[in-house]
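*Asks:* need a structure here:
(one chain, ligands or ions: 2)
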Amino acid sequence: MGLWTLDDIPWDRFDHKKLDPEIVRIVKAAALVEHNGTAYAHHLCRIFADDPAFQKTARRWGEEETQHGRALARWAALADPDFDFDRAFLRFQAGYRVDFDSPRSRRGSRAGEMVARCIVEVGTSSYYTALREVAAEPVLQEICRHIAADELRHYRLFYKTLDRCLAQEPIGRFARVRIALGRVAESEDDELAYAYYAANAGHLPYDRRHYTRAYARRAYALYRPHHIERGIAMLLKAVGLTPNGRFSLVASRLVWRAMRYRAARLAKMAA
Ligand SMILES: [Fe+2]
Ligand SMILES: [Fe+2]
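*Replies:* Ligands and ions are numbered 1, 2, ... in the order given. Take a look at the predicted model:
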């Protein structure tokens, strides 16, 4: 069990007048992805088959991710009473398939898996921080505050585990950078696009390109430079580079510009 439960959320403060329909759409998608946490935890338990202590930690982590999904789903149902989470989740699971039962990490090693997990937590902690700052609806703000704190704690957990894995099976900085960049690139793969589709348009045929853009346009609009700076520092730390040096500053500016360019292009295409 995590540090908070759904009972800690002030649901009675929900304010319909402060809803933004664009935000409701991406929250529905996030609820589906988060709710898949147990499946990812199972995969980690398979990869760390001889480490019962880490398996216990991974299962707790998976429960926390699933709770994120439950909180976001309950909020989405308040925002849109027609939202059928169970149906959308079945659709998501049926259409987005990963071999969660594989005992091997796609990243080639346990250390590589931990680099990738760190990158995911960098992404989620930045995302929920940005969403909390943009959202006007007070219950969503509170949910995002709790989730962002969890995601930061998850980053620290995987970073600590990465350190331990590196002591047993060292992988170089170059390999870590490659894995990290590969995982960042995957943020535009099918998972988020399919979740966005399953949550918002499941009655229509799936068009990967269309839904990748539909999700990305709404998600990119949330970010501000300070989210990128913090995310880049966390990423650099995970790959063994100085998190707060000159390189970090330059990289943050470049990423921010690239994101702004992409966000503007996506907005233009949608207009
Ligand atoms: Fe999460
Ligand atoms: Fe997390």
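*Asks:* what parts of the stretch 1-150 of the chain come near ligand 2?
*Replies:* residue 121 (C-beta under 5 Å from the ion). For the C-beta atoms, the positions are set from N, CA and C on the backbone; glycine is no exception.
*Asks:* where does the stretch 1-150 of the chain dip in pLDDT?
*Replies:* The model of the stretch 1-150 of the chain has pLDDT under 70 over residues 1-2.
*Asks:* tell me which residue of it lies closest to ligand 1.
*Replies:* residue 68 (3.9 Å; C-beta to the ion).
*Asks:* could you do the stretch 151-271 of the chain as well?
*Replies:* residue 151 (5.5 Å).
*Asks:* helix or strand for that residue, which one?
*Replies:* helix 138-168 (DSSP states H and E).
*Asks:* check residue 100 too.
*Replies:* Using DSSP H and E, no helix or strand contains residue 100.
*Asks:* low pLDDT regions in the stretch 151-271 of the chain?
*Replies:* Within the stretch 151-271 of the chain, not a single segment meets pLDDT under 70.
*Asks:* at the contact with ligand 2, which residues of it appear?
*Replies:* Neighbours of ligand 2 within the stretch 151-271 of the chain, by C-beta under 5 Å from the ion: 151, 154.
*Asks:* do I have it right that residue 107 meets residue 116?
*Replies:* Yes. Look at residue 107 against residue 116 with C-beta atoms under 8 Å: they come within range, at 5.1 Å.
*Asks:* quickly list what's touching both of those two.
*Replies:* Taking C-beta atoms under 8 Å, 6 or more residues apart in numbering as the contact rule, residue 107 and residue 116 both touch residue 179.
*Asks:* which elements pack onto the helix holding residue 151?
*Replies:* Here helix 138-168 touches helix 52-79, helix 110-134, helix 225-238, going by 3 or more C-beta pairs under 8 Å, 6 or more residues apart in numbering; DSSP states H and E.
*Asks:* what's the angle between the longest one and helix 138-168?
*Replies:* Per axes from the mean of the first three to the mean of the last three C-alpha atoms, to 10 degrees, the angle that helix 52-79 makes with helix 138-168 is 160 degrees.
*Asks:* next SSE after helix 52-79?
*Replies:* Per DSSP H and E, the first helix or strand lying C-terminal to helix 52-79 is helix 85-95.
*Asks:* any idea which residue of this structure is furthest from its center?
*Replies:* residue 168 (28.0 Å; C-alpha atoms, centre = their mean).
*Asks:* distance check, that one against residue 182.
*Replies:* 22 Å (C-beta to C-beta, to the nearest Å).
*Asks:* and for residue 11?
*Replies:* In terms of C-beta to C-beta, residue 11 sits 39 Å off from residue 182.
*Asks:* residue 43 now?
*Replies:* For residue 43 relative to residue 182 (C-beta to C-beta), the value is 17 Å.
*Asks:* between the two, who's got more neighbours?
*Replies:* A direct count of neighbours by other C-beta atoms under 10 Å for residue 43 and residue 182 places residue 43 higher, at 22 against 15.
*Asks:* surely that one touches residue 101?
*Replies:* Yes. If you go by C-beta under 8 Å, residue 43 and residue 101 touch, sitting 7.5 Å apart.
*Asks:* sorry, back to before: in the helix holding residue 151, what's buried?
*Replies:* Buried residues in helix 138-168, counted by 16 or more other C-beta atoms under 10 Å: 139-144, 146-152, 154-155, 157-159, 161-162, 165-166.
*Asks:* just after it, pick out the following helix or strand.
*Replies:* Going down the chain from helix 138-168, the next helix or strand is helix 173-185, by DSSP H and E.
*Asks:* got the contact list for that next one?
*Replies:* 107-108, 111-112, 115-116, 118-120, 123, 235, 238-241.
*Asks:* now a PyMOL select for only the buried ones of the residues you listed.
*Replies:* Buried residues among the contacts of helix 173-185 (16+ other C-beta under 10 Å), as a PyMOL selection:
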select buried, resi 107+111+112+115+116+118+119+120+123+235+238+239+241
